[in-house]
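**Q** Sequence and computational prediction follow.
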Amino acid sequence: MRWKFATHGRVSSSPAVAAGRVYVGSFDGTFYALDAANGTLAWEFATEGERRFSARHLHGAEPAAEVMPDPFDVFLSSPALADGVVYFGSGDGNVYALDAASGALRWKFHTSNVVHASPAIAAGTLYAGSWDGYFYALDAATGKQRWRFKTGEDPVIHNQEGIQSSAVVADGMVYFGCRDSNLYALDAASGARRWSFSNKGSWVISSPAVRDGRVYFATSDSGLLHALDAKTGAAVFSLDFNHWPFFSSPTLAGDYLYIGSHQGKLVAIDLKTRQLAWTFQTDGAQKNGPTYTKADGTPNYAAAVSDSFYDQMVIGVDRMMSVGAVLSTPVIDADTVFFGSWDGQLYALS
């Protein structure tokens with residue numbers, strides 16, 4: 001170990017590294033800049049406080065009048081850096097822009113709900129979605145809104161609403177997923193919808209990856225990996241993973257796509273053959289997978305959740321994650337793929 005730095009809460013985002021510093025946020029409501037060589041604190045910035053998305057009768061859980069934090073709101077916004085500024089979203093509803101050297105506030109932009117999607121920066125514009133159902137394009141220098149795009153609403157149980165997926169900008173278009181079950185492709189300059197792809201009720205938490213005219217993304221409870229034509233949204237191919245959700249985002253390297261599954265597996269797809277190349281099973285999957293997997297290979301939610309009471313939903317989520325769910329996005333360096341798992345392990349595979 002070279003060093004470690006203790007925050008006062010969970011760190012559920014990916015750090016950004018630039019100019020000898022590591023930038024990362026924590027559930028303690030503080031954003032940190034650390035010396036990459038020794039881990040000492042360079043500066044810290046206090047937001048107005050972290051929280052998870054919350055709503056009444058969430059996902060249909062009881063009691064219906066109670067405000068419930070969403071157990072599926074697992075990620076914090078990961079920072080993006082451009083031109084000496086670090087940008088990130090917060091559970092206080094703000095998108096922040098800080099001076100990367102000093103931590104001084106450049107600007108903040110307030111949305112109407114939690115911002116845990118990670119911002120994307122392209123051509124002087126910041127793109128990020130909020131749990132208020134809007135996707136925003138902001139001037140990266142000033143924070144002024146350039147346009148916003150409205151996604152779906154679900155005012156009764158708040159299941160089919162909110163943006164967790166982070167955006168990707170490519171060839172004049174911006175792509176992102178939404179819990180209203182759509183993947184959207186918007187004109188990056190105007191915010192006009194170019195196309196959307198319906199996933200028939202299944203969330204898109206996974207952030208898309210775009211390369212060579214195709215956009216790749218995965219769905220939650222339908223457990224599908226899709227490849228679409230990036231210009232038209234037409235389906236190219238799909239692979240079915242037995243309804244095991246994907247919150248991990250795909251990573252492309254060479255002729256392969258890598259992504260983590262709630263089944264406790266890292267999956268490698270051969271993009272030439274459009275078939276599964278190999279899978280790696282985490283320790284958690286080997287230990288707890290049989291308990292929470294049906295004979296047909298699909299998730300056994302009945303073994304994890306006993307009724308519709310909110311507390312049981314939280315317990316059920318924790319039990320299903322004990323399968324060693326891989327929510328992190330794989331990172332490739334040379335011939336090694338790195339990823340983390342809910343079982344508390346960091347894995348490196350060749």
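**A** That came through, no problem. Numbers count the residues shown, from 1 in each chain.
**Q** If you tally nearby residues, what's the number for S54?
**A** 17 (other CB atoms under 10 Å). To be clear about C-beta, it is placed using only N, CA and C from the backbone, and glycine gets the same treatment.
**Q** does the residue sitting furthest away from the middle of the chain count as helix, strand or coil?
**A** Distance from the C-alpha centroid of the chain, by CA atoms, centre = their mean, peaks at A295 (29.8 Å). Using DSSP: H, G, I helix; E, B strand; the rest coil, the structure places A295 in coil.
**Q** need the longest helix for this structure.
**A** Longest helix of the chain, by residue count under DSSP state H: helix 310-321.
**Q** Which strands or helices does the helix or strand following it pack on?
**A** Going down the chain from helix 310-321, the next helix or strand is strand 331-333, by DSSP states H and E. Strand 331-333 sits against strand 251-253, strand 336-340, with contacts defined as 3 or more CB pairs under 8 Å, 6 or more residues apart in numbering; DSSP states H and E.
**Q** Check which helices and strands the last one sits against.
**A** Which is strand 336-340. Using 3+ CB pairs under 8 Å, 6+ apart: strand 336-340 touches strand 331-333, strand 346-349.
**Q** how about it: buried residues?
**A** V337, F339, G340 (16 or more other CB atoms under 10 Å).
**Q** got CSV for the helices and strands packed on strand 336-340, with mean pLDDT too?
**A** As requested, those are arranged in CSV below (pLDDT from 0 to 100):
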stretch, mean pLDDT
strand 331-333, 96
strand 346-349, 97
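**Q** Indicate which one of those strands is closest to V236.
**A** Among the helices and strands packed on strand 336-340, strand 331-333 comes nearest to V236, with 22.5 Å by CB to CB.
**Q** does Y127 really touch Y134, like I thought?
**A** No. Using CB atoms under 8 Å, Y127 is not in contact with Y134, being 11.7 Å away.
**Q** Those two: which is more packed in?
**A** Set Y127 next to Y134 and count neighbours by other CB under 10 Å: Y127 wins out with 27 against 18.
**Q** Which helix or which strand is home to the more buried one?
**A** strand 125-129.
**Q** Please apply the same query to L76.
**A** Using DSSP H and E, no helix or strand contains L76.
**Q** which residue packs closest to it, ignoring adjacent ones?
**A** S13 (3.9 Å; CB to CB, 6 or more residues apart in numbering).
**Q** so what's that neighbour scoring on pLDDT?
**A** At S13, the model reports a pLDDT of 94.
**Q** Could you double-check that I163 sits in contact with L183?
**A** No. Taking contacts as CB under 8 Å, I163 lies outside contact range of L183: 11.4 Å.
**Q** which residues does the nearest residue to A101 once chain neighbours are set aside contact?
**A** Distances taken as CB to CB, 6+ apart place G84 nearest to A101, at 6.7 Å, with adjacent residues excluded. By CB atoms under 8 Å, 6 or more residues apart in numbering, the contact list for G84 reads D99, A100, A101.
**Q** Likewise for V22?
**A** The contact partners of V22, taken as CB under 8 Å, 6+ apart, are P15, A16, Y32, A33, L34, D35, A36, G39.
**Q** Show me what the fourth one is bridged to.
**A** It refers to A33. Y23, W43 (DSSP bridges).
**Q** Check the spacing between it and H262 real quick.
**A** 33 Å (CB to CB, to the nearest Å).
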